[in-house]
Each structure stands twice: as C-alpha cells, then as structure tokens.
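[1] Sharing a model that was predicted from the sequence below.
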Amino acid sequence: MKNFIYALCCLSFCSIVGGAIYEHVNIVPQWAKAPPASLAMFQGDYGARVEVFWMFIHPITLFLFAITLFVSWKSARRKHIVFPLALYLIVLVTTSIYFVPELVEILGTNYSTTIDQSLVERAHLWESLSHLRLLFIAVASVYLLSGLTKPESNKLT
C-alpha cells in the first residue's frame, strides 16, 4: 500500500512537471511573443483557461505529499519526500507572490494590434523566471522518483 501511495504522489507531481513543460513549449512562447495582440488566446468567451488544471492538480498533489510523508515518515524514503515537498512549497509561495499576480496583470491587458514593448519585456522576464521555477520542480520530481528505489520498510538507513 505504501508503494501505491508513493507512486500516486509521484504521478501527481510529475503531472505538474508535464503541465509546466507543455505550457513552456506550446503556450508561453505564443502569448509572450507580442502582447497585447498575442494575448487574444486567453480572451473572450472561448479563451484558454489554463488555470483550471493548476487549481485542480495542486491541492491533490499537496494532499498526496502529506499522506505519502505520513506513511513513509520512519523509512529511508522520508528525505526523498521532504526535499521535493520543500522545493514544491517554495515554488508555490513564489508562484502566488509573483507569477500569478504578474500573469493576471499581463493577461488582463486589453486587446490591441499594437505591440507594447514594455509588456513584451515583462512577459519575457516572466518566462525566463518561470523556466527557473520549472527547473526546480523537475529536479524535485527526479529526486522524488528516486525514492521509489528505497525500501518502504520503517527502518531509516
């Protein structure tokens, strides 16, 4: 049962990494290219609502981390859960302090066919910093996954 819970936690966390990679390959470069014109993909009745995925996956992942940490507390896997969880929490805090407010402000810009250079610069800064954020969660996910190679027994090694 402990292996199953740990695997679910890994799956959920890797889903976050996968979603972030997808957005950084397919979505972010498009909206950051020439705002406010390039922001049209998020506007109107049929605009993309990428926040739905993130609002769904983060609580589930945090819950699974908590359960996994609880059932693995006295095992060799503990540090493979605590370290990724700590990085993830740091990423979530920085996301709520900077990334989400900045993105909401940029995406809330009224449509115009004229490219706003200051918005382009803000979008590129957001994108660059977000790549760093993605690197942190990718490293954390590999470390979390490596915990699956550790014994699930309640003996610290």
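    All right, it came through fine.

[2] Tell me the buried residues in the helix or strand containing residue 20?
    Assigned by DSSP states H and E, residue 20 belongs to helix 2-22. Within helix 2-22, the residues that count as buried by 16 or more other Cβ atoms under 10 Å are 5-6, 8-10, 12-17, 20. For glycine as for every other residue, the C-beta is placed from the backbone atoms N, C-alpha and C.

[3] And for stretch 130-143?
    130, 133-134, 137, 140-141.

[4] Next, the contact list for residue 83, please.
    140, 143 (Cβ atoms under 8 Å, 6 or more residues apart in numbering).

[5] please redo it, this time with the cut-off set to 10 Å
    139-140, 143-144, 147 (Cβ atoms under 10 Å, 6 or more residues apart in numbering).

[6] and the angle from the helix or strand that contains residue 137 to helix 2-22?
    Using DSSP H and E, residue 137 maps to helix 117-146. With axes from the mean of the first three to the mean of the last three Cα atoms, to 10 degrees defining the directions, helix 117-146 sits at 160 degrees from helix 2-22.

[7] I'd like to know which elements helix 117-146 is packed against.
    helix 2-22, helix 28-31, helix 78-94, helix 100-107 (3 or more Cβ pairs under 10 Å, 6 or more residues apart in numbering; DSSP states H and E).

[8] Now it: average pLDDT?
    Here helix 117-146 scores 97 as its mean pLDDT.

[9] Residue 60: neighbouring residues, count only.
    15 (other Cβ atoms under 10 Å).

[10] For it, report the pLDDT, please.
    So residue 60 comes in at 98 (pLDDT).

[11] mind listing what it touches?
    8-9, 12-13, 15-16.

[12] which secondary structure element contains it?
    Per DSSP H and E: helix 51-71 holds residue 60.

[13] Tell me where the model's unsure across the chain.
    Applying pLDDT under 70 to the chain flags the ranges 154-157.

[14] picking up where we left off before, ok, of the buried residues of stretch 130-143, which one's closest to residue 28?
    Using Cβ to Cβ, residue 130 is the member of the buried residues of stretch 130-143 that lies nearest residue 28, at 6.9 Å.
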